[in-house]
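J.: I would like the atomic coordinates for the input below:
(one chain, ligands or ions: 2)
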Amino acid sequence: MRIIGLMSGTSLDGVDAALLETDGETIFATGAALTHPFPPALRAALRTLLDRAADLAPDDPFLLETERSLTLHHAEAIRLLGEPADLLGFHGQTILHRPEQKRTWQIGDAQLLARETNTPVAHDFRSADVAAGGQGAPFAPAYHAALAADLEKPVAILNIGGVANITFVQEDGTLLACDTGPGNALLDDFCARHLGEPMDRDGRLAASGKPHEPTLQILLSHPYFANTAPKSLDRQDFAHALELIEALPLPDGAATLVAFTARAILATPLPATPRSLLVTGGGRRNPTLMAALGNATPVESQGWNGDALEAQCFAHLAARVLRGLPLSYPGTTGVPHPMPGGRIAQPN
Ligand SMILES: Nc1ncnc2c1ncn2[C@@H]1O[C@H](COP(=O)(O)OP(=O)(O)O)[C@@H](O)[C@H]1O
Ligand SMILES: [Mg+2]
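T.: Ligands and ions are numbered 1, 2, ... in the order given. Predicted coordinates for the structure are as follows:
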C-alpha cells in the first residue's frame, strides 16, 4: 500500500508528511516527504491548549476550533505533498499525556481529514494501549525495528523531538523503549521566552555558554531517571527547569538545557551497549547537542531521512491498524501483551 503518515510532535514546529510503501511489516520504499510549518497563530493556539489541557472540556469551543484548523492544516500538507495514497496515518497533536491516569489526548478530526482528502484515515493509535495499562508511548519502535531489520544488533535509535525517545533493538529482535527525558522542547521554550526565536538555531547560543553543574544535578535527580523502561513523559514534565535556570546568563542557561537532554539520554539504562546509536528528529540538527552525545550518528548514515522518519512511522502503523497487527509491546510501552489498536475513518 501507498500510505502517507502525518506526524506533529511536541516541538509544535509543524506537520511532517511522508509517503511510505509498506504492508506494515516490510518497508518496500520510502517516498516524498515534507514539513508543513504551523502558522504562528495555530502554533500559539496549540501552545495555549497544552497549558490548559488538564481542565479542558471535550466540547470547549476554542478546543474544537483549534482542532479544526489543525486538521485542515494536515489536509493542506497532503495537498502540498501531491501524492496519491491508499491510506493516511494521522497521529494528531498530543495536548496531554498522563498514562498513570489512563489518559493520553491527541486532537485532530480524522473524519474531517478523510472527507477533505477523500482517503481512509487510520487514527487514535495510542488509546487502546493506555486503556490496557500501557504508557501509550513511545510508538515509533515498531517502525524503528522494521527499518533496522538488516542492521547489526543490538542497535539503538534515538529520536530527539520535543521529548526524546529511544528504541533499543536486541539481538533476538526484542524491543525495549522509553522516553529518555527532555528533547528540544525546553530549549525551544527558553529561546521563545528570552529571544523571541522558535529555537537555538544550530545550537549557537548553547555553544557559547557552559552548563551549570549544580542546576544539572538538581534536574537529573528527578525520580523519572531512576525508573527503568518502559516509561514515558508529558511535554511539560520538566517545565520547572526553565525556572531553575532563570538566574543564569542566557548562554549558560541554554548550555545547561542541552547538557540536561544529553545526559538524560546517556544515563538511560540499556541492557547492553548498542553497536550504534542512530539519531533522528530535529535535535540531530543541533551540533552542540550532538557533540554532547559523543558517539551518536545521524540516521542519514544509514540512508534514512531523519526529517521524515517519525511521519513514516505513522504510515507504517496505519498499515498495522488496517491489518490488526500489534502497535506496541510489553518492552516498549509496558502493555501486558502485544497490543493492536487504532481506528479507521472512511471518507463517506
Ligand atoms: N538547525 C537547527 N538547530 C537547532 N535545533 C534545530 C534545528 N533544526 C531543528 N531543530 C530542533 O528540532 C525541533 C523540531 O524537531 P522535530 O523532530 O520536528 O520534533 P517534534 O517531533 O517534536 O515535532 C525544533 O523545534 C528545534 O528545536
Ligand atoms: Mg516536528
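
J.: Quick check: residues of the chain near ligand 2?
T.: Applying Cβ under 5 Å from the ion, we find that the chain lies next to ligand 2 at 9, 11, 13. Any C-beta I mention is one placed from the backbone N, CA and C, and that applies to glycine too.

J.: in what helix or strand does the second one lie?
T.: Counting by DSSP states H and E, there is no helix or strand that carries S11.

J.: burial count for the residue lying closest to I265 once chain neighbours are set aside?
T.: Distances taken as Cβ to Cβ, 6 or more residues apart in numbering put T180 closest to I265, at 4.6 Å, once the chain neighbours are dropped. Counted with other Cβ atoms under 10 Å, residues neighbouring T180 total 27.

J.: Please apply the same query to T10.
T.: Count around T10 with other Cβ under 10 Å applied: 23.

J.: just the one 4 residues further on next, same as before
T.: Other residues within reach of G14, judged by other Cβ under 10 Å, total 19.

J.: Test my guess that it contacts F38.
T.: Yes: under the criterion of Cβ atoms under 8 Å, G14 makes contact with F38 at 4.9 Å.

J.: Give me the common contacts of these two.
T.: Counting by Cβ atoms under 8 Å, 6 or more residues apart in numbering, the common neighbours of G14 and F38 are S8.

J.: from what I can see S276 touches T297, true?
T.: Yes: the criterion here is Cβ under 8 Å, and S276 meets it with T297 at 6.5 Å.

J.: higher neighbour count, the two?
T.: Applying other Cβ under 10 Å to S276 and T297 shows that S276 carries more neighbours, namely 17 against 14.

J.: Look up phi and psi at the more buried one.
T.: For S276, the backbone dihedrals are phi -150, psi 150 (criterion: degrees, to the nearest 10).

J.: Kindly state the pLDDT recorded for it?
T.: Looking at S276, its pLDDT is 95.

J.: mind listing what it touches?
T.: S276 is in contact with 151-152, 155-156, 297, counting by Cβ under 8 Å, 6+ apart.

J.: go on, P287?
T.: 202-203, 207.

J.: swap the cut-off to 10 Å and go again
T.: If you count contacts by Cβ atoms under 10 Å, 6 or more residues apart in numbering, P287 has them with 202-204, 206-207.

J.: now do K102
T.: Applying Cβ under 10 Å, 6+ apart, the residues near K102 are 127, 130-134, 136.

J.: what stretches of the stretch 1-150 of the chain score poorly on pLDDT?
T.: For the stretch 1-150 of the chain, no stretch has pLDDT under 70.

J.: residues from it in reach of ligand 1?
T.: Residues of the stretch 1-150 of the chain lying close to ligand 1 (Cβ under 6 Å from any ligand atom) are 9-11, 13.

J.: Greatest separation within those: which pair is it?
T.: The span of these, defined through Cβ to Cβ, is set by T10 and D13 at 9.7 Å.

J.: Between these two, which contacts overlap?
T.: 161-162, 184, 188.

J.: What are the boundaries of the helices in the stretch 201-348 of the chain?
T.: With DSSP state H, counting those that start in this stretch, the ranges of helices along the stretch 201-348 of the chain come out as 204-207, 213-220, 240-244, 250-266, 287-293, 309-323, 330-333.

J.: Columns mean pLDDT on top of the ones you listed, output as CSV?
T.: Converted to CSV, these look like this (pLDDT from 0 to 100):
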stretch, mean pLDDT
helix 204-207, 98
helix 213-220, 98
helix 240-244, 97
helix 250-266, 98
helix 287-293, 98
helix 309-323, 98
helix 330-333, 96
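
J.: so which of those gets nearest ligand 1?
T.: Closest to ligand 1 of the helices of the stretch 201-348 of the chain, according to Cβ to the nearest ligand atom: helix 309-323, at 5.5 Å.

J.: Next, the buried residues of the closest one.
T.: Using 16 or more other Cβ atoms under 10 Å as the test for burial, helix 309-323 gives 309-322.

J.: Equivalent analysis for stretch 12-26, please.
T.: Applying 16+ other Cβ under 10 Å to stretch 12-26 flags 12-22, 24 as buried.

J.: returning to what we had before: just the buried members of the contacts of S276?
T.: 155-156.

J.: In strands, which of the contacts of S276 appear?
T.: 155-156, 297 (DSSP state E).

J.: out of those residues, who's nearest T174?
T.: Closest to T174, out of all of the ones in strands among the contacts of S276 and judged by Cβ to Cβ, is V155, at 12.4 Å.

J.: what lines up beside the helix or strand harbouring T35 in the sheet?
T.: Element membership for T35, per DSSP H and E: strand 27-37. Using DSSP bridges, strand 27-37 pairs in its sheet with strand 14-22 (antiparallel).

J.: can you tell me how far the closest residue to R343 other than its chain neighbours sits from N286?
T.: Leaving aside its sequence neighbours, R343 sits nearest to D124 (Cβ to Cβ, 6+ apart; 4.8 Å). From D124 across to N286, the span is 32 Å (Cβ to Cβ, to the nearest Å).

J.: show me where this protein has strands.
T.: 2-7, 14-22, 27-37, 87-90, 93-98, 103-107, 121-123, 155-160, 163-169, 175-182, 276-280, 296-298, 343-345.

J.: Among those strands, which comes closest to F238?
T.: Per Cβ to Cβ, nearest to F238 of the strands of the chain: strand 175-182, 5.0 Å.

J.: residues touching the residue lying closest to L187 once chain neighbours are set aside, list them.
T.: Nearest non-adjacent residue to L187, counting by Cβ to Cβ, 6+ apart: L257, 4.7 Å away. L257 makes contacts with 182, 184-191, 200, 205-206, 209, 211, 215-216, 219, 238, 241-242, 245, 289, as judged by Cβ under 10 Å, 6+ apart.
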